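Q: what follows is a predicted protein model with its sequence.
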Number of protein chains: 4
Amino acid sequence: MGDIDIMKTLPLAERKKHYILEVASRLFSRLDFHHVCMEDVAREARLAKGTLYNYFNSKEELYFAIIETRMQTLIRQLEERLQYRHPPVMDLRRFVVHLYSFFLKYPNFFVIWKREEVKTSSPQSKNCRKLRAQLRVMLTAILRRGIAEGAFRDFSSLNLLGDCIFGIIDGMAMRGIHANANEDRRKEERENMFSIILALVERGNAHD
Amino acid sequence: MGDIDIMKTLPLAERKKHYILEVASRLFSRLDFHHVCMEDVAREARLAKGTLYNYFNSKEELYFAIIETRMQTLIRQLEERLQYRHPPVMDLRRFVVHLYSFFLKYPNFFVIWKREEVKTSSPQSKNCRKLRAQLRVMLTAILRRGIAEGAFRDFSSLNLLGDCIFGIIDGMAMRGIHANANEDRRKEERENMFSIILALVERGNAHD
Amino acid sequence: MGDIDIMKTLPLAERKKHYILEVASRLFSRLDFHHVCMEDVAREARLAKGTLYNYFNSKEELYFAIIETRMQTLIRQLEERLQYRHPPVMDLRRFVVHLYSFFLKYPNFFVIWKREEVKTSSPQSKNCRKLRAQLRVMLTAILRRGIAEGAFRDFSSLNLLGDCIFGIIDGMAMRGIHANANEDRRKEERENMFSIILALVERGNAHD
Amino acid sequence: MGDIDIMKTLPLAERKKHYILEVASRLFSRLDFHHVCMEDVAREARLAKGTLYNYFNSKEELYFAIIETRMQTLIRQLEERLQYRHPPVMDLRRFVVHLYSFFLKYPNFFVIWKREEVKTSSPQSKNCRKLRAQLRVMLTAILRRGIAEGAFRDFSSLNLLGDCIFGIIDGMAMRGIHANANEDRRKEERENMFSIILALVERGNAHD
DNA sequence: AATGAATGAGATTTCATTCAT
DNA sequence: AATGAATGAAATCTCATTCAT
């Protein structure tokens, strides 16, 4: 939502930078880092190759700036949404729904992030896993509170449970990205997803 | 388990091919397609660069053969395990546990497969999503049977539920790969995972 | 000496041109033609890149203007100093000392000039060797007069002797530039150099 | 002289490396580092661009290998020639004549070396000046011995005298390179040069 | 006259692939 | 079947130059 406003209020150079990132993320989500060449990015952005280098020092910098900027936005938005404590179920809902919606809103980011996260030994993949760790801290905080308040079941490993929830969100995001569904359908899937997650954590079912 | 036997009974050329695939998958799981060069593969395999081309026509062929052969093995093994109908809960368990164990046994495959699956529009990524589709057919068949037999809850979308379960398995596999845990710990995590999945599908809890 | 006066009396545009040349010569003496970029020159001169092109049509023109302008100044100054005939030894002294001092005063010019002079086949290097030829004409004229007047020994090849003398001056200039000596020390070296050159040319020693 | 033998006895890869250096030095002596492109070197050597990189890691490495290898050869040859002490005049003659001849034999090296030596602040130019320093140590050792034995005049600064002598040799080498003289003429110039240097250092002239 | 963002030609370098041995 | 030197297409990146402001 805020994106367009941001684009309008940012200084010109920043806006162009964002524009290039936008174009590049589209290409990089479709193809590998090495299957997208700077010529492609330049053509798509209707700029000359050299112009890209006025905004990013290298192709790598451009590539990781895509992940970096969206990661920061995501974290910031989640923190905003969670700054006042609501009932744990509501906070969980906010968290899960926002994450899912963010991934569907920026599918290019999602795709690139997941691709890098999965690598086992590049310096940047560690950075991607760091975002995951940050998200998990947020999620487990909510879960912990829910357990303390008696709303959620007690789990031996919150970390493990968190990873399962992220697995569900990621799987559903992938599903949503490839489905190309309309708004109503998306809403429906989102609610289905949340009730599945809720079923996992809520007290009062057979597995207590 | 069968791997070594396969290696022994295969003709020499086939065995060398498998050996190269093994070496290559190690490298490709660590780094991007383009950050691994044929020179690296050759060096790691203690072969000359040219020799690789006696077994694979191109680097791409080698790369996708890694995914391809493991995919086939995975599908074959799952089919073997599910050819006789056991109680749905048991089949679900076999399926989930085998998938998880396979990913942990062949983490290089898992990593490469996930990386390709996430791409939105390369011809090979479609192939990777095809495997996912095949797995989902297997899984939904089990779920459907479980529902019919009254063991599982009835879900509006089995596909969606399936994707959630795959999400959980993938998330846990990633977790397992980066954790480097011992056998006991792995077994524990596996059981935790299965009970979480079971909680989702089993009849008789609060969300029915 | 005249430099500051010149700068003051010149029209504004000319002064700015000189200023740019001064800045550029500093950079070009440190690094190759291609290791100094127009951006560097502009930054050092506290000007915009485009501004440089209001004063010089191209980087090459700027580069060779550095050599060209100093060459002209050098020739002019030497001609002034030699326009009235003094005793050959005195003229020789004036010539040698002025050349050496000029090189030390404008080390950047010296360095760039020598660099270009040594190239075997670029059109501009010929221009640099032309300066050398002009200097040699002046020097041999002095030597010839000295021989005619019986002050100097007779040499079979004045050209060759001239090149030796230039070799000595150049060698001493290089020495002086890298030594970073104080005024007294420089004067001493200069005198040592001149007495060595004098020893070569003067009549009345054992080698007559 | 020994060069052809060396080329014959060296292993194949070493010989090809020498061949490339030979070709490259021809080009680099004519034009600046940046005015010679790898394409040019490859074409001249009748090789593909990529092949050059099998022998040298970068253009820079190729360029400085030209200087480096010749420098080493020069030092080695001079050390061989000076290992037994002959009368100082004879050693001086050997030294001066060999240096001069070496420069005329490898004019490309001479040109490139001088070009780099003159730069004031590149790491490689320091290396070039190091060769000069090594040569000066050899020369001053000879001069010092000559003075001790009473053959040469006593100088206040042997370093300064050495630089003058190098200046003469360099000047004469430049002269010789651009003159394209025949063998007899070169011999004559060489003798002229030596007698000039001798005049500088020998005892028994008017300046004692 | 001054600016500096945009340009794109041209350079270096890499590396999959070939092929003579 | 194995080798590895040679190849050259293709990529990244730099930077002199232009031009609208």
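A: Right, received. Where do you want to start? Residues are numbered from 1 along each chain as shown, chains lettered A, B, ... in the order given.

Q: find the closest residue to chain C in chain A.
A: In chain A, no residue comes nearer to chain C than A:Asn54, which is 11.7 Å away by C-beta to the nearest C-beta. Placement of C-beta: from N, CA and C, glycine included.

Q: that residue: neighbouring residues, count only.
A: The number of residues packed near A:Asn54 is 13, by other C-beta atoms under 10 Å in any protein chain shown.

Q: so for it, what pLDDT did the model give?
A: According to the prediction, A:Asn54 has pLDDT 96.

Q: what do you get for the one 5 residues further on?
A: In the prediction, the pLDDT value recorded for A:Lys59 is 96.

Q: pretty sure it contacts A:Glu39?
A: No: the criterion here is C-beta atoms under 8 Å, and A:Lys59 misses it with A:Glu39 at 10.8 Å.

Q: run the chain-centre distance for the helix or strand hosting A:Leu200.
A: Using DSSP states H and E, A:Leu200 falls within helix A:183-201. Relative to the mean C-alpha coordinate of its chain, helix A:183-201 is positioned 17 Å out (C-alpha atoms, centre = their mean, to the nearest Å).

Q: what helices and strands are in contact with that helix?
A: helix A:88-105, helix A:158-179, helix B:158-179, helix B:183-201 (3 or more C-beta pairs under 8 Å, 6 or more residues apart in numbering or on different chains; DSSP states H and E).

Q: how about those helices in JSON lines, adding distance to B:Val111 and mean neighbour count?
A: Shown next, in JSON lines, are the helices and strands packed on helix A:183-201 (distance: least, C-beta to C-beta, whole Å; neighbours: other C-beta atoms under 10 Å in any protein chain shown):
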{"stretch": "helix A:88-105", "distance to B:Val111": "20", "mean neighbour count": "18"}
{"stretch": "helix A:158-179", "distance to B:Val111": "15", "mean neighbour count": "22"}
{"stretch": "helix B:158-179", "distance to B:Val111": "7", "mean neighbour count": "22"}
{"stretch": "helix B:183-201", "distance to B:Val111": "17", "mean neighbour count": "17"}
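
Q: export those helices as JSON lines, with columns for mean pLDDT and distance to DNA strand F.
A: Output for those, formatted as JSON lines (pLDDT from 0 to 100; distance: least, C-beta to the nearest atom of the strand, whole Å):
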{"stretch": "helix A:88-105", "mean pLDDT": "96", "distance to DNA strand F": "26"}
{"stretch": "helix A:158-179", "mean pLDDT": "94", "distance to DNA strand F": "25"}
{"stretch": "helix B:158-179", "mean pLDDT": "94", "distance to DNA strand F": "28"}
{"stretch": "helix B:183-201", "mean pLDDT": "93", "distance to DNA strand F": "36"}
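
Q: of all these, which lies closest to B:His35?
A: helix B:158-179 (19.3 Å; C-beta to C-beta).

Q: how many other residues sit next to whatever residue of chain A ends up closest to DNA strand E?
A: Relative to DNA strand E, the nearest point of chain A is A:Gly50 (1.6 Å; C-beta to the nearest atom of the strand). Neighbourhood size, A:Gly50 [other C-beta under 10 Å]: 9.

Q: okay, and it sits in which element?
A: helix A:49-55.

Q: what residues of that helix count as buried?
A: A:Leu52, A:Tyr55 (16 or more other C-beta atoms under 10 Å in any protein chain shown).

Q: close to DNA strand F, is it?
A: Yes: Helix A:49-55 is in contact with DNA strand F by C-beta under 7 Å from any atom of the strand, via A:Lys49, A:Gly50, A:Tyr53.

Q: ok, back up a step: turn the helices and strands packed on helix A:183-201 into TSV, columns for distance to D:Ile20.
A: TSV is the format used below for these (distance: least, C-beta to C-beta, whole Å):
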stretch	distance to D:Ile20
helix A:88-105	54
helix A:158-179	53
helix B:158-179	47
helix B:183-201	56
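
Q: what sits against A:Leu104?
A: Going by C-beta atoms under 8 Å, 6 or more residues apart in numbering or on different chains, A:Leu104 touches A:Phe110, A:Ala173, A:Gly176, A:Ile177, A:Arg186.

Q: closest to C:Phe95 among these?
A: For these, the nearest to C:Phe95 is A:Phe110 (78.0 Å; C-beta to C-beta).

Q: tally of neighbours for the closest one?
A: Neighbours of A:Phe110 using other C-beta under 10 Å come to 21.

Q: over to the one 10 residues further on?
A: For A:Thr120, the tally of surrounding residues (other C-beta under 10 Å) stands at 15.

Q: that one sits in which helix or strand?
A: Per DSSP H and E, there is no helix or strand for A:Thr120.

Q: show me the contacts for it.
A: A:Thr120 neighbours (C-beta under 8 Å, 6+ apart): B:Ser29, B:Arg30, B:Pro107, B:Val111, B:Ile177, B:His178.

Q: how about it, phi and psi?
A: With angles defined as degrees, to the nearest 10, A:Thr120 sits at phi -90, psi -20.

Q: any idea of the pLDDT on it?
A: So, for A:Thr120, pLDDT stands at 75.

Q: what is the helix ranked longest in chain A packed up against?
A: Ranked by residue count and defined by DSSP state H, the top helix of chain A is helix A:123-148. Applying 3+ C-beta pairs under 8 Å, 6+ apart, one finds that helix A:123-148 makes contact with helix A:59-81, helix A:88-105, helix A:107-118, helix A:158-179.

Q: got the domain ranges for chain A?
A: A:1-56, A:67-201 (automatic domain parsing).

Q: so A:Tyr63 is in contact with A:His34, correct?
A: No: contact criterion C-beta under 8 Å: A:Tyr63 and A:His34 do not qualify, at 10.2 Å.

Q: compare neighbour counts for these two and give me the winner.
A: A:Tyr63 (21 against 11).

Q: which residues of chain A lie near DNA strand E?
A: Those residues of chain A that sit near DNA strand E, judged by C-beta under 7 Å from any atom of the strand, are A:Ala13, A:Lys16, A:Leu47, A:Ala48, A:Lys49, A:Gly50, A:Thr51, A:Tyr53, A:Asn54, A:Tyr55.

Q: next one: the nearest residue to the fourth one once chain neighbours are set aside relative to A:Phe28, how far apart?
A: If I follow you right, that is A:Ala48. Excluding its sequence neighbours, the residue lying closest to A:Ala48 (C-beta to C-beta, 6 or more residues apart in numbering or on different chains) is A:Ala42, at 6.0 Å. Applying C-beta to C-beta, to the nearest Å, the value for A:Ala42 to A:Phe28 is 14 Å.

Q: ok, those two, which is more surrounded?
A: Shown here are A:Ala42 and A:Phe28; by other C-beta under 10 Å, A:Phe28 has more neighbours (25 against 19).

Q: did I read that right, that one in a strand?
A: No: according to DSSP: H, G, I helix; E, B strand; the rest coil, A:Phe28 belongs to no strand; its state is helix.

Q: tell me which residues touch it, please.
A: A:Phe28 neighbours (C-beta under 8 Å, 6+ apart): A:Val36, A:Tyr63, A:Ile66, A:Asn108, A:Ile112.

Q: ok, now which ones touch the spatially closest residue to the second one that is not a sequence neighbour?
A: What it means is A:Tyr63. Distances taken as C-beta to C-beta, 6+ apart place A:Phe33 nearest to A:Tyr63, at 5.8 Å, with adjacent residues excluded. Contact analysis of A:Phe33 by C-beta under 8 Å, 6+ apart lists A:Lys59, A:Tyr63, B:Asp32, B:His34.

Q: list the contacts of the last one.
A: Contacts here follow C-beta under 8 Å, 6+ apart; on that basis B:His34 touches A:Asp32, A:Phe33, A:His34, A:His35.

Q: need the max-distance pair from those residues.
A: Farthest pair in these, by C-beta to C-beta: A:Phe33 and A:His35, 7.4 Å.

Q: how close does the residue nearest to A:Phe166 when sequence neighbours are not counted get to A:Asp170?
A: Spatial nearest neighbour of A:Phe166, excluding adjacent residues (C-beta to C-beta, 6+ apart): B:Gly171 at 5.6 Å. Distance, B:Gly171 to A:Asp170, using C-beta to C-beta: 7 Å.

Q: joint contacts of the two?
A: Joint contacts of B:Gly171 and A:Asp170 (C-beta under 8 Å, 6+ apart) do not exist.
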